[in-house]
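**Q** Build the 3D model from these lines:
(2 chains)
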There are 2 protein chains.
Amino acid sequence: MIKKVNSIISASWIYTADKINTLLEDHSIVILEDEIFDILPTKSVFDKYEADDVFALSDHIIIPGLINNHTHAAMSLLKGYANDLPLKSWLEDHIWPAEKQHVSEAFVKDGSLIAIAEMIKTGTTTFNDMYFYPNETAEAAVEMGMRANIGLVVMEFPTNYASDPEDYLKKGLDFRDQWRDEDLISTSLAPHAPYTTSDKTLSLVGTYAEQLNLPIHTHLHETMEEIKNSISQFKVSPIQRFGALGLLGPNLVAAHCTHVGEQDLNLLNQNNVNVVHNPSSNLILGSGIADISKMLDLGMNVSIGTDSSASNNRLDMFEELRMAVLLGKGINHKPEILDSNVAFKMATYNAAKSMNKGELIGSIELKKKADIVAINLDSIFTQPVYNPLSSLLYNGNQGGVDYVWINGTLKLNAGQLENIDLDKLTNIAKSWKTKIKTT
Amino acid sequence: MIKKVNSIISASWIYTADKINTLLEDHSIVILEDEIFDILPTKSVFDKYEADDVFALSDHIIIPGLINNHTHAAMSLLKGYANDLPLKSWLEDHIWPAEKQHVSEAFVKDGSLIAIAEMIKTGTTTFNDMYFYPNETAEAAVEMGMRANIGLVVMEFPTNYASDPEDYLKKGLDFRDQWRDEDLISTSLAPHAPYTTSDKTLSLVGTYAEQLNLPIHTHLHETMEEIKNSISQFKVSPIQRFGALGLLGPNLVAAHCTHVGEQDLNLLNQNNVNVVHNPSSNLILGSGIADISKMLDLGMNVSIGTDSSASNNRLDMFEELRMAVLLGKGINHKPEILDSNVAFKMATYNAAKSMNKGELIGSIELKKKADIVAINLDSIFTQPVYNPLSSLLYNGNQGGVDYVWINGTLKLNAGQLENIDLDKLTNIAKSWKTKIKTT
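**A** Numbering: from 1, shown residues only, chains lettered A, B, ... in the order given. Just a heads-up that it's a prediction; the model follows:
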């Protein structure tokens, strides 16, 4: 009896990101509706299944969809807006004024659409966002068929989006109620950073997180200045302050952590805090370099993010992974650390786990959501291929990303976005430039 | 009177890499034979010139062809052969045994062809090479229409290619005589490294370099271990030893220089030594990080190289430039340094100058050889474009490289290599893998 399924994807190699980093050869993934229904040797797949959509990818390696674990997607409209400036001038003279003048529902919707197109084309199937007007980011994600964990921003000072912490929180919780039945959308509480939120606000966030069982996504120890100012104002580092407020725990997703002394590292580790490494953004802004190999050695859960297009300026997780690996080897003078298994685990399962989705996404295993990426390794850039996952890490590039499925739906087909007008999106980006540059 | 020329290339932006980093808007480059014959506003180009080949590139930025200033091109066949290993094991247990077993005229010819295809597709028009069997690398370059400066390797120990320093030198000088009339090929003397060449050999190289007016291309201060061993054996650092032997001068092209103390830095600077920064390779092998911003501040001539595919594992100068810039900003905590003008100058004019070709290539100026690259900036990865050269540095990628001319000849046309069978080259890489992996 042959079972009818939605899609059968056969590939030369499948990196599953399961507990033992299995690399399957000549296997097929069977998709039924939004799930991975079976994984079996290709030679027997057609004895058991038939499907309308059959993909025979003999030049490809399949991996779980990449998870970009720290983004501000809408800022793609500010990509390259203020490069090569000192951090203070970058923020105070350029990014903040531009945000104040331009950030709106339309800005967030358009910026998010453009960011999501770039992410899908580079193999990302989930992003962990934090920005204003979350409703528009969620709308963009659902329109594009992208999975997103949306951070509900809270900070003290007013923006176009909200007036005070209560207003931010109310808008965030309304958002959560409104989107709770949408498969592709989940939420975190997102106190922006220690230096933009009061103890009172942080405590309130902690309470909501516990009551609603939500992750907390924040910027933490991004720069030395942040730490110095915290010690001057609160007598303790931001990590210690978070600890005192009861916010350090396995539901905390801390982006950056570039400067973390022994005591702070122990606090993060003992409390099972999740760290998101953003190497390119940290380099570009001169913030510092997080020593993730030390964190991984301790058994901490480390994942990878691009940060926004205003700093990175890319949202390409393959670039970010390669940067994380090269930088980690380089600063530790240890070429043998951070191999391709560690790298892709950070960009898949570790990120899923940090956002409380370890059972749903982040690996290619039975009953998980079918978030899947296939990359062509048969090119002049990648051949000869001695070790496919290693080739993907060091030689792979966005030109090789051929197929992307999210929640079982094909989103990238032979390198082309399905049902998405890329030229139209590119033109939207251009029209925002005209508006932003001349005002 | 309208003059007939070979090609007219009109573009929205032209970064010339001239002394003042001129960025022309809506200009055209007129190519006559192998030279840049004129540069003028596009609105008047057709009043003065006509050509069979006319390119109207309104979405593109044009830059001088990139110069990869430190390569071992043939090692593309060992791309990914031994990733994630400690340096000693990488070299002694993997790379050297593989080279001993497989390096031959055929290996060098095929490996060089594959490397050159990757380089042209990523906007490189000249590479500064050092490897065995230079004749085969030169043959590959001329077949592909690529410009190459070929290093004539000298070392103490025997290889498949040569038996002793005299043999290396004789073969090298024979090569030079044989290729002296070929426009695309020039030569350097290439003592491999301080730790593989004796004082006697280095002195001989110095004498030949002076007599023949040749640059000297070498590895210098790549690792701490190299420096420690030199101090233990010779009582001085490799840089100081080169100085004592009279080898420090404006004709010396020193790859790496990752660990350079004040005294050594002064020696390099006072003697106008050219430094080639190879950031990715240095990170991957855990060798260290060269502080090029300090060197540039001193007015030293710094250029960029990928090193070989066995370490990098890419030969993509756009990736390498971005890495150099991000790393320099990051380790110095200065986001404002190493902007796009500095970056592209390193990858063009500075490299040309180091190989004694500053009058011929490295910038888009009248009477220079027409080595030209056009990159499409109108994509979802690059828009919005606030500053075209900065967008190219931070957001550009190999997918955008559309047109490459070398010595006036079109080598890449709308992203496709002209007269080169890429599938055939990719299959050659695959067949070498089978041979190398199973023996």
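
**Q** for the stretch 251-400 of chain A, what spans make up the helices?
**A** With DSSP state H, counting those that start in this stretch as the criterion, the stretch 251-400 of chain A has helices at A:262-270, A:279-284, A:292-297, A:317-332, A:340-345, A:351-354, A:388-395.

**Q** Let me know the angle separating the fourth one from helix B:317-332.
**A** Same thing as helix A:317-332. Computed by axes from the mean of the first three to the mean of the last three C-alpha atoms, to 10 degrees, the angle separating helix A:317-332 from helix B:317-332 equals 50 degrees.

**Q** Which strands or helices does helix A:317-332 pack on?
**A** Counting contacts by 3 or more C-beta pairs under 8 Å, 6 or more residues apart in numbering or on different chains; DSSP states H and E, helix A:317-332 is packed against strand A:66-71, helix A:279-284, helix A:292-297, strand A:302-304, helix A:340-345, helix A:388-395, helix B:279-284, helix B:317-332. All C-beta spots, glycine's among them, are computed from the backbone N, C-alpha and C.

**Q** now the second one, how far from the chain's geometric center?
**A** Relative to its parent chain, helix A:279-284 has a centroid offset of 15 Å by C-alpha atoms, centre = their mean, to the nearest Å.

**Q** who's in contact with it?
**A** Outside of helix A:279-284, the residues within contact range by C-beta atoms under 8 Å, 6 or more residues apart in numbering or on different chains are A:83, A:222, A:256, A:258, A:287-290, A:304, A:306-308, A:311-314, A:319-320, A:323-324, A:327, B:326-327, B:329-330, B:335, B:394.

**Q** Same question for the third one.
**A** Residues from elsewhere that reach helix A:292-297 (C-beta under 8 Å, 6+ apart): A:257, A:265, A:268-269, A:275, A:277, A:302, A:324, A:328, A:332, A:334, A:337-338, A:342, A:346.

**Q** what's the average pLDDT for it?
**A** Averaged across helix A:292-297, pLDDT comes to 98.

**Q** Which strand or helix spans A:Asp59?
**A** Secondary structure from DSSP states H and E places A:Asp59 in strand A:49-64.

**Q** Export that strand to PDB, keeping only CA atoms.
**A** The C-alpha coordinates for strand A:49-64 follow below in PDB (Å, rounded to 0.1, in the frame of the first residue of the first chain):
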ATOM      1  CA  TYR A  49       5.100   6.900  -0.800                       C
ATOM      2  CA  GLU A  50       3.900   8.900  -3.700                       C
ATOM      3  CA  ALA A  51       3.700  12.700  -4.000                       C
ATOM      4  CA  ASP A  52       2.800  15.300  -6.600                       C
ATOM      5  CA  ASP A  53       5.900  17.200  -5.700                       C
ATOM      6  CA  VAL A  54       9.100  15.200  -6.000                       C
ATOM      7  CA  PHE A  55      12.600  16.700  -5.700                       C
ATOM      8  CA  ALA A  56      15.600  14.700  -6.700                       C
ATOM      9  CA  LEU A  57      18.500  16.800  -5.400                       C
ATOM     10  CA  SER A  58      21.600  14.700  -6.100                       C
ATOM     11  CA  ASP A  59      24.000  17.700  -6.000                       C
ATOM     12  CA  HIS A  60      22.500  19.000  -2.800                       C
ATOM     13  CA  ILE A  61      23.000  18.900   1.000                       C
ATOM     14  CA  ILE A  62      19.800  19.400   3.100                       C
ATOM     15  CA  ILE A  63      19.900  21.100   6.400                       C
ATOM     16  CA  PRO A  64      17.200  22.300   8.900                       C
END
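
**Q** show me the contacts for the residue most central in space within chain A.
**A** Nearest residue to the geometric centre of chain A (C-alpha atoms, centre = their mean): A:Asn68, 1.5 Å. By C-beta under 8 Å, 6+ apart, A:Asn68 lies in contact with A:119, A:124, A:126-128, A:304-306, A:315, A:317, A:320, A:351.
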